[in-house]
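S.K.: heads up, no residue letters with this:
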């Protein structure tokens, strides 16, 4: 988080973690391997936090609102984020389909959102003619906001407007 992906070295990691060089190399051969493991762990942690907050009697609207609220929290975090390092990593490395964690996360989120939207349509909470396209669009908007948050900056109000637009596009009223 401090140096980004491109500038961090194995020596930096040894010093920050207060472990031996040999101990680190016993498990990892490169900063790329370490970063891939960090991405995997962060993905699992994010899934656990979200699913742990969903109540058994939650409606599709409740779940979508919780998801968007968590996304906003992540977007508004200025520190302690791996977003910049993650983009550096992906620009530097061409990953196989098997190793492309970000793509897997994106497609998994699209799948879950599509299922959620379909459930919301069935329960008449949402109106949507193409849940797959709507889910993909939501994820692309969130990804664009994530990049904007790290580059040009976003305000809480601008994020709220985008999230409200998403909700209104599904027929969810305030």
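M.R.: That came through fine. Predicted model only: the values in this text are computed from it and were never measured. Numbers count the residues shown, from 1 in each chain.
S.K.: every contact and neighbour count from this point should use C-alpha atoms.
M.R.: Noted.
S.K.: how far away from the center of its chain is the helix or strand encompassing residue 107?
M.R.: Using DSSP states H and E, residue 107 falls within helix 101-122. Using C-alpha atoms, centre = their mean, to the nearest Å, the mean C-alpha position of helix 101-122 is found 13 Å from that of the whole chain.
S.K.: so for it, mean pLDDT?
M.R.: Helix 101-122 shows a mean pLDDT of 91.
S.K.: I'd like the next helix or strand past that helix.
M.R.: Following helix 101-122 toward the C-terminus (DSSP H and E): helix 131-150.
S.K.: give the next helix or strand downstream of that following helix.
M.R.: helix 156-169.
S.K.: tell me the helices and strands packed up against that next one.
M.R.: Packing partners of helix 156-169 (3 or more C-alpha pairs under 8 Å, 6 or more residues apart in numbering; DSSP states H and E): helix 60-76, helix 131-150.
S.K.: what's the weakest-modelled helix or strand in the protein?
M.R.: The helix or strand of the chain with the poorest confidence is helix 31-53; it has a mean of 73 (mean pLDDT, DSSP states H and E).
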